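Novice: Got a predicted model here, sequence first, then my questions.
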Amino acid sequence: MKNPLFSQSAARGLVLAALVLGSAQAGATQLIQNGGFEADAAGSYAPTGWTVTETMAIGGVVVDNGTLSPASGWATAGAAAGNNYAVLDSYWPGAFIMTQSFNTGAVSSATLSFKMFVNDNSADGITTVRNNLDVQAANDAYLPINYARVDLLKSGASADASASDVVTTFYLGGATGRKFQDQSNGYGDFSYDLSGLLANGGNYTLRFATASNVGSMVMGVDNVSLQVTAVPEPESAAMLLAGLGLIAAISRRRNRA
C-alpha cells in the first residue's frame with residue numbers, strides 16, 4: 001500500500017527544491033561592477049564602480065568609444081566589445097590609475113579575466129619600470145619612468161601602493177606589442193585562476209595603471225570580470241543533504257508499498 005503521507009507530486013517538489021538549492025550554491029557570482037564600461041557615457045572621467053587617481057595631471061583616465069585617445073590623440077584599438085572601453089593615458093608626466101575594490105567570502109573557484117592593450121608612444125619605445133608609480137620622485141632624480149601595470153592590492157592600500165601592499169602583479173612592463181606612434185596594438189586576452197589566492201575570501205583592490213615622464217603610455221581596458229563560486233554555507237549543505245536523504249527515503253517506502 002502506498003504511504004498516504006507522501007504523494008508523487010510532493011516528492012517531485014522536494015526534488016525540485018533540492019536541485020534549486022544545489023544550483024544556487026554552485027552558481028558563479030560577478031564581483032566586478034561595470035567591467036565593460038557600458039554604464040557610462042563616452043567622455044566620462046569617472047567610470048561607474050571605479051575610482052580614478054591621477055598625479056601631476058588630470059584627464060588621462062576616461063571612458064571612450066573611439067579609436068583615438070581623448071588625452072593624447074594617439075591611435076587606440078577602440079572597444080573590444082560593446083561601445084565603450086577605458087583609456088589610461090599618461091599623456092603628461094604623471095601616473096594615471098583606475099581601481100575597484102571588492103570583497104568575497106570563501107570561494108571554491110575564482111577567475112579574473114580582462115582584455116587589454118598597451119601602446120608605448122615614447123620617442124624610443126623603451127620601457128623603464130620603477131618599483132613604484134611615483135613620477136614626481138623620478139622627475140626630481142632625473143630618472144626616466146615609462147611603464148604599465150595591473151595588480152591586486154591589499155584592502156585599504158593607496159592607489160599608488162607598492163611593495164608589501166601588492167598581493168600579486170598580473171602585468172608589468174611596456175607595450176603589449178611593438179606598434180607605437182601612429183598605430184595601436186590589438187587587445188590581448190588575460191586570464192588568471194585566483195582560486196587559491198581567494199580561497200578564504202577577503203577584501204582586495206584591482207588596479208590598472210600607467211606612469212610615464214618620457215611620452216605617452218596608453219592602456220586600453222575592456223571586459224573586466226572576476227567570477228567566483230562560493231563555498232556552500234554549512235547550513236545550506238546540511239539542508240541539501242537532508243533533502244536528498246528524505247527523497248531517498250520516500251522512494252524506498254514507495255517501492256515497498
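Specialist: In hand now; what should we look at? Residues are numbered from 1 along each chain as shown.

Novice: contacting residues around residue 210?
Specialist: By Cβ atoms under 8 Å, 6 or more residues apart in numbering, the contact set of residue 210 is 60, 88-90, 95-96, 118, 147-149, 217-219. Yep, even glycine has a C-beta here, placed from its N, CA and C like the rest.

Novice: If we only consider the residues you listed, which is nearest to residue 134?
Specialist: Ranked by distance to residue 134 (Cβ to Cβ), these are led by residue 95 at 7.5 Å.

Novice: ok, back up a step: could you export the contacts of residue 210 as a markdown table, including neighbour count, distance to residue 70 and pLDDT?
Specialist: Formatted as a markdown table, the contacts of residue 210 follow (neighbours: other Cβ atoms under 10 Å; distance: Cβ to Cβ, whole Å; pLDDT from 0 to 100):
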| residue | neighbour count | distance to residue 70 | pLDDT |
| --- | --- | --- | --- |
| 60 | 31 | 9 | 98 |
| 88 | 27 | 11 | 98 |
| 89 | 28 | 8 | 98 |
| 90 | 33 | 13 | 97 |
| 95 | 27 | 18 | 98 |
| 96 | 33 | 12 | 98 |
| 118 | 26 | 17 | 97 |
| 147 | 23 | 22 | 98 |
| 148 | 28 | 18 | 98 |
| 149 | 22 | 22 | 98 |
| 217 | 30 | 15 | 95 |
| 218 | 31 | 11 | 97 |
| 219 | 28 | 13 | 98 |
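
Novice: For stretch 166-184, give the mean pLDDT please.
Specialist: For stretch 166-184, the mean pLDDT works out to 89.

Novice: what's that stretch in contact with?
Specialist: For stretch 166-184, the surrounding residues in contact (Cβ under 8 Å, 6+ apart) are 67, 74-77, 112, 116-122, 125-127, 129, 146-154, 157, 185-186, 188, 190, 192, 197, 204, 217-218, 220.

Novice: now the end-to-end length of that stretch.
Specialist: Terminal residues of stretch 166-184 lie 29 Å apart, using Cα to Cα, to the nearest Å.

Novice: contacting residues around residue 190?
Specialist: Contact analysis of residue 190 by Cβ under 8 Å, 6+ apart lists 113, 114, 115, 116, 150, 170, 171.

Novice: ok, of these, which come out buried?
Specialist: Listed as buried from these are 114, 115, 116, 150, 170, 171; burial here means 16 or more other Cβ atoms under 10 Å.
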